[in-house]
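> The sequence and its predicted three-dimensional model are supplied below.
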Amino acid sequence: MRKRRGKFIAGHGSLHPGASLAKMRGMPRVRARCRGFSLVELLVVIGIAVILLSIFVPYVAKLRETENRARCAENLRTILSGLQNYAHVNHDVLPRVVYDPAHNPDGYCAYTGAASPDPFAADSQVRPNDVTASLWLLVRAGLAQPALFVCPSGSQSLDPASPSDWRRRSNFSGPRYLGYSYASPFSSAPGYTLNDYLPADFAVMADKNPGKSAFGSDVTAPAYSDPPADLARGNSNNHGRAGQNVLYADGHVAFQTTPYCGVGRGLLRDNIYTALMQKPLQKGQTTPAERNGVIGRDTGPAWERDSYLVPTEQD
């Protein structure tokens, strides 16, 4: 290649530098354009995201609650095995600590004397008629673990007691560690006995009793004939008042959408979260069919087939 000043001689299409620059000056310039979202496009994207979330989030929540209900029901079935094993070696009677028929024949208490080494000792800090200490007897006997008493959908947490102390304790550490209620074994009603021979539709345990929050401004629980929205006030808080898992005496567990799911027929069924009456029926008295029931620590099951599941959320 021979080089001259200002020109390249050789190679096809070689141009004079000056001419090339001149031509380039005359050509249109191509600019790279970076175009962002317009406001309208951004709002459309946000709207689509909101719609997708409104569909996806409730679906995930429903799926999770369905799973939690199944786990909750399995907890109760496992506890049932402990109840049956306990009854087998205790004359067919379900767990119950000391009963005081003289001073407190129908009431109950809860969460007393957790650190006491023996709930039946004369100097025990566990008070008579303690319904939660009665349930803890399953833990003391090695028939159930504290984790079983926590509903997966509830706000409770695992009892902090060390596994090495479970059999040396007498009660749950407090209400936040128990997510279920138990048929009160304390009643002076004629014929009432919490044993292994109860009728199939007798409610032995269920998600925790909502207590006085179920009453609203009324003095009684919702009536069985109330609209579904009002009846929901009487359901457990564990599953968002949608209903409760109930363990029945025949061993099956069912999710019930009303507290009127105890002994009875049709709509006239026992409210499992209330005692039928303030005082037990006397021998020979008939069971009133339409009664909302009462609630409180100073009352207990009012007749031999009255499920009164305690403790409540307020205990």
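Good, I have the coordinates.
> Quick check: closest non-adjacent residue to residue 82.
Using CB to CB, 6 or more residues apart in numbering and skipping residues adjacent in sequence, the residue nearest residue 82 is residue 143, 3.5 Å away. For every residue, glycine as well, the C-beta is placed using N, CA and C.
> Same check on residue 120?
Nearest residue to residue 120, sequence neighbours excluded (CB to CB, 6+ apart): residue 98, at 6.3 Å.
> Spit out the contact partners of that neighbour.
119, 120, 126, 128, 129 (CB atoms under 8 Å, 6 or more residues apart in numbering).
> Widest-spaced pair of those?
For the contacts of residue 98, the farthest-apart pair by CB to CB is 120 and 129; their separation is 13.4 Å.
> who's more crowded, these two?
Comparing residue 120 with residue 129 by other CB atoms under 10 Å, the one with more neighbours is residue 129, at 28 against 12.
> gap between that one and residue 293?
The gap separating residue 129 from residue 293 is 19 Å, by CB to CB, to the nearest Å.
> what does residue 172 give?
Using CB to CB, residue 172 is found at 25 Å from residue 293.
> Residue 270 too?
8 Å.
> coming back round to it: separation between the residue nearest to residue 120 and residue 92?
Relative to residue 92, residue 98 is positioned 19 Å away (CB to CB).
> cool, and residue 194?
In terms of CB to CB, residue 194 sits 10 Å off from residue 92.
> neighbour count winner among the two?
A count of neighbours by other CB under 10 Å puts residue 194 above the other of residue 194 and residue 92, at 23 against 13.
> my read: that one touches residue 93, true?
Yes - using CB atoms under 8 Å, residue 194 makes contact with residue 93 at a distance of 7.0 Å.
> By mean pLDDT, point me to the weakest helix or strand of the chain.
Using mean pLDDT, DSSP states H and E, strand 7-9 stands out as the lowest-scoring helix or strand of the chain, at a mean of 45.
> So what's the residue count around the residue nearest to residue 260 when sequence neighbours are not counted?
Among residues not flanking residue 260 along the chain, residue 224 sits closest, at 4.3 Å (CB to CB, 6+ apart). Applying other CB under 10 Å, we find 23 residues neighbouring residue 224.
> pretty sure residue 224 is touching residue 268, no?
Yes - between residue 224 and residue 268 there is a contact under CB under 8 Å: 7.1 Å.
> Help me confirm that the residue nearest to residue 120 is found in a helix?
No - counting by DSSP: H, G, I helix; E, B strand; the rest coil, residue 98 is not found in a helix; it is coil.
> Per-residue pLDDT of it, please?
Residue 98 carries a pLDDT value of 97.
> Overlap in contacts, residue 270 and residue 293.
The overlap between the contact sets of residue 270 and residue 293 (CB under 8 Å, 6+ apart) consists of residue 276.
> How far does stretch 166-178 stretch from one end to the other?
End-to-end distance of stretch 166-178 (CA to CA, to the nearest Å): 15 Å.
> chain center to it: distance?
Distance, stretch centre to chain centre, for stretch 166-178: 18 Å (CA atoms, centre = their mean, to the nearest Å).
> buried ones in that stretch?
Residues of stretch 166-178 classed as buried by neighbour count (16 or more other CB atoms under 10 Å): 166, 169, 170, 171, 172, 175, 177, 178.
> try stretch 133-148
133-141, 143-146, 148.
> will you turn those residues into a markdown table that also has secondary structure, pLDDT and distance to residue 162?
Formatted as a markdown table, the buried residues of stretch 133-148 follow (DSSP: H, G, I helix; E, B strand; the rest coil; pLDDT from 0 to 100; distance: CB to CB, whole Å):
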| residue | secondary structure | pLDDT | distance to residue 162 |
| --- | --- | --- | --- |
| 133 | helix | 98 | 18 |
| 134 | helix | 98 | 22 |
| 135 | helix | 98 | 19 |
| 136 | helix | 98 | 15 |
| 137 | helix | 98 | 19 |
| 138 | helix | 98 | 18 |
| 139 | helix | 97 | 12 |
| 140 | helix | 96 | 14 |
| 141 | coil | 96 | 17 |
| 143 | coil | 97 | 18 |
| 144 | coil | 97 | 16 |
| 145 | coil | 96 | 12 |
| 146 | helix | 97 | 11 |
| 148 | helix | 97 | 17 |
